[in-house]
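1. Next comes the sequence, and after it the predicted model I'd like to discuss.
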Amino acid sequence: MINYDKCSVLFNRNQAEANRHAVRNELNISRDTFEAKYLGLPTPKGRMIANKFSPIQERLVKRCSTWNERFLSSAGKEVLIKSVAQAIPVYVMSVFLLPEAIQANLTRSIRRFWWGELGDKRKTHWIAWDKFTKPKGLGGLGFRDQKVFNQALLARQAWRLIDRPTSLCTRVLKARYYPNGCLLDITFSANQSPTWRAIVHGLELVKKGFIWRIGSGEHTMIWRDPWIPRGASLRPIGKK
């Protein structure tokens, strides 16, 4: 059963006290304060500044520093980076858009471990890191680009809103952010929660590869929807 003494509800700071009181009474919850973390994620309260994600960076740095690169071959370091180091921020990146400073710091920690830098010891980086993030078929090692991978995970969340329109999450977000339109056609305002801002960032990637599959054509807007499978553009060039 639900333990209401351990339950909390998070309100927007601009919410009126009368509304807060009504919601607490309806849900039978008395606490309206959250801890710094909830289900292993930073509490989305206020701006999601870099300091809220610093524990992820600290975990990665600590893990890399415990591996003694002198006893590891290049193949061994590749396995550790792919299976452990790059897996640490995945859970958080699937919900939030990490600040660019955190993304850069995560990449820097992995890069330093690969080149064998310990503490203040510096080594020459003989190859640009962008080449390491290419697939092996293109001459790289298949390491993840943190920025691109973050957007890809958020694109999955955006796609679920399109693919599962009857789910509770979709219905709640639709009522809040696009009650009278389609997710792919709406221009969103700047007043967004950190979680929704992350989904919108992922939606930008979905739109680049989104294409309509023509069935009966009843719901397809042929001059606006992307439905032509070609490389340059998925939309018709112009009306005739």
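-> Structure's in. What do you need? Computed from a predicted model, the values in this text were never measured in an experiment.
2. contact partners of the lowest-mean-pLDDT helix or strand in the chain?
-> Of all helical and strand segments in the chain, the minimum by mean pLDDT, DSSP states H and E falls on strand 37-38, at a mean of 71. For strand 37-38, the external contacting residues (CB atoms under 8 Å, 6 or more residues apart in numbering) are Thr43. (C-beta placed from N, C-alpha, C; glycine too.)
3. Tell me the strands beside it, with direction?
-> If you go by DSSP bridges, strand 37-38 pairs up with strand 41-42 (antiparallel).
4. Could you chop this protein up by domain?
-> As recorded under automatic domain parsing, the domains making up the chain are 4-33, 50-144, 150-209, 212-240.
5. quick one: which of those is nearest Thr43?
-> Counting by CB to CB, Thr43 lies closest to domain 4-33 out of the domains of the chain; the figure is 7.1 Å.
6. Now Trp196. Nearest residue, chain neighbours left out?
-> Tyr177 (6.1 Å; CB to CB, 6 or more residues apart in numbering).
7. next one: the longest helix along the chain to chain centre, how far?
-> Taking DSSP state H as the criterion, the chain has its longest helix at helix 146-163. Here helix 146-163 is found 6 Å from its chain centre; the criterion is CA atoms, centre = their mean, to the nearest Å.
8. Kindly report the same for stretch 207-225.
-> That offset, for stretch 207-225, works out to 27 Å (CA atoms, centre = their mean).
9. Run through the chain and note the low-pLDDT ranges.
-> 36, 44-48, 68-70, 118-119, 230-240 (pLDDT under 70).
10. Helices of that one, residue ranges please.
-> Ranges of helices within the chain are 17-27, 54-66, 74-83, 90-93, 100-115, 129-132, 146-163, 168-177, 194-209, based on DSSP H.
11. Let me have these in CSV, extended by distance to Thr33 and mean neighbour count.
-> Shown next, in CSV, are the helices of the chain (distance: least, CB to CB, whole Å; neighbours: other CB atoms under 10 Å):
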stretch, distance to Thr33, mean neighbour count
helix 17-27, 12, 11
helix 54-66, 20, 15
helix 74-83, 38, 14
helix 90-93, 22, 18
helix 100-115, 26, 19
helix 129-132, 42, 14
helix 146-163, 27, 18
helix 168-177, 22, 13
helix 194-209, 18, 17
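12. Switch those helices over to CSV; also include distance to Thr43.
-> Shown next, in CSV, are the helices of the chain (distance: least, CB to CB, whole Å):
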stretch, distance to Thr43
helix 17-27, 17
helix 54-66, 13
helix 74-83, 29
helix 90-93, 12
helix 100-115, 17
helix 129-132, 33
helix 146-163, 18
helix 168-177, 18
helix 194-209, 10
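13. Val9 is nearest to which of these?
-> Ranking the helices of the chain by proximity to Val9 (CB to CB) places helix 17-27 first, at 6.3 Å.
14. Mind listing residues that contact that closest one?
-> By CB under 8 Å, 6+ apart, the residues outside helix 17-27 that reach it are Cys7, Val9, Phe11, Ser30, Asp32.
15. that older thread, pretty sure the residue nearest to Trp196 sits against Ser193.
-> No - applying CB atoms under 8 Å, one finds Tyr177 not in contact with Ser193, separated by 9.1 Å.
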